[in-house]
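Peer 1: have a look at this prediction, sequence included:
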Amino acid sequence: GWDVLVDALGGHPGDIVVTKRNWGAFYGTDLDLQLRRRGVTQIVLGGIATSIGVESTARAAHEHGYHVTLATDAMTDLDAEGHRNSIERIFPRLGETGTTTEIIELLERTHG
């Protein structure tokens with residue numbers, strides 16, 4: 001049941017649900033197609049396993065040409081050193097980083 005969304009995250013009509021079966025959300029899914037169909041150019045990432053799933057998805061998003069923003073307080077990892085390495089060394093090379101509050105405030109100022 002790890003791939004079943006809890007009711008609080010049930011979403012909205014028209015939401016796209018992509019079930020990833022590998023480390024990254026782009027590999028083996030139609031995520032890139034779904035985003036491009038909608039003209040999406042910017043993605044914000046968070047998640048579990050910072051040094052595995054989030055980092056793999058961020059790398060692929062960067063390689064696909066998306067503008068990547070990483071919500072560093074909306075991710076975690078079983079390995080504290082791996083988490084720190086991703087946030088401090090890898091993510092700044094792939095996109096912008098910030099807290100969820102900083103990202104939401106920026107979005108409100110630019111799209112408010």
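Peer 2: Arrived safely, thanks for sending.

Peer 1: so Ile43 sits in a strand?
Peer 2: Yes. Assigned with DSSP: H, G, I helix; E, B strand; the rest coil, Ile43 falls within a strand.

Peer 1: report the beta-bridge partners for it.
Peer 2: When assigned by DSSP bridges, Ile43 has beta-bridge partners Val68.

Peer 1: number of nearby residues for it?
Peer 2: Look at Ile43: counted by other CB atoms under 10 Å, it has 19 neighbours. Glycine gets a C-beta too; all of them are placed from N, C-alpha and C.

Peer 1: and for Leu107?
Peer 2: So Leu107, with other CB under 10 Å, has 13 neighbours.

Peer 1: for it, helix, strand, or coil?
Peer 2: helix.

Peer 1: from Ile43, how far out is it?
Peer 2: 13 Å (CB to CB, to the nearest Å).
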